[in-house]
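Peer 1: Build the 3D model from these lines:
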Amino acid sequence: MAIFYDYTITVDGDKARLDKNIYLYKNNKNITYYFTIQNAPFKFINAVDMVESLNASTADIKILKPNGVKKRIKNIPIENGKVKLEIDDSFMDEISEIGKYTFQIDLYDNATNKGRVTIPPVIEQFCVLAPIFEDNEATE
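Peer 2: Next up, the predicted model:
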């Protein structure tokens, strides 16, 4: 069974905000986030809303972790007008990765993949928390 969440990113000038914060715990895995982008000031072809119109074909997500590590997830296909972020078991498996993340999305056109636009960063709304204790600390 897949675990997934739908979020809306609203762009307002040079700022972007999620409709609600993301909360995960260290070592969470196999989770998919879908992002719908609204109110962006640019268009792909003659679209009113770039991603919803399916005129963007792929995306990259740039992630800045609280420990300063920079991660780029490339060539993410757009699914049903939404950008898809998959969290695997290596995404946040260290204690230094606990904290608030900042991320930014680059969108690429479907004609040549040479056209690229970037939305403003979503700042510190992606939160990774510490569990009450580590799995190996439990007694059965």
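Peer 1: Mind listing the strands the lowest-mean-pLDDT helix or strand in the chain pairs with, and their directions?
Peer 2: When the helices and strands of the chain are compared on mean pLDDT, DSSP states H and E, strand 116-118 comes out lowest with a mean of 88. Partners of strand 116-118 in the sheet, by DSSP bridges, are strand 99-109 (antiparallel).
Peer 1: And the partner strand, what's buried?
Peer 2: Residues of strand 99-109 classed as buried: 100-101, 103-109 (neighbour count, 16 or more other Cβ atoms under 10 Å). In short, each C-beta sits where N, CA and C put it, glycine included.
Peer 1: and V11, what does it touch?
Peer 2: Residues counted as contacts of V11 (Cβ atoms under 8 Å, 6 or more residues apart in numbering) are 37-41, 119-120.
Peer 1: K26 now?
Peer 2: K26 is in contact with 92-95, 97-98, 128-131, counting by Cβ under 8 Å, 6+ apart.
Peer 1: just those residues: which has the poorest pLDDT?
Peer 2: Among the contacts of K26, D93 has the lowest pLDDT, at 69.
Peer 1: still on that earlier bit, can you list the buried residues of strand 99-109 in a markdown table and add distance to A138 and pLDDT?
Peer 2: Formatted as a markdown table, the buried residues of strand 99-109 follow (distance: Cβ to Cβ, whole Å; pLDDT from 0 to 100):
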| residue | distance to A138 | pLDDT |
| --- | --- | --- |
| K100 | 27 | 95 |
| Y101 | 27 | 95 |
| F103 | 32 | 97 |
| Q104 | 37 | 97 |
| I105 | 38 | 96 |
| D106 | 41 | 93 |
| L107 | 43 | 90 |
| Y108 | 45 | 86 |
| D109 | 50 | 79 |
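Peer 1: show me what contacts the residue nearest in space to the middle of the chain?
Peer 2: Per Cα atoms, centre = their mean, the C-alpha nearest to the average position across the chain is that of L85, at 5.2 Å. Applying Cβ under 8 Å, 6+ apart, we find L85 in contact with 32-35, 61, 73, 76.
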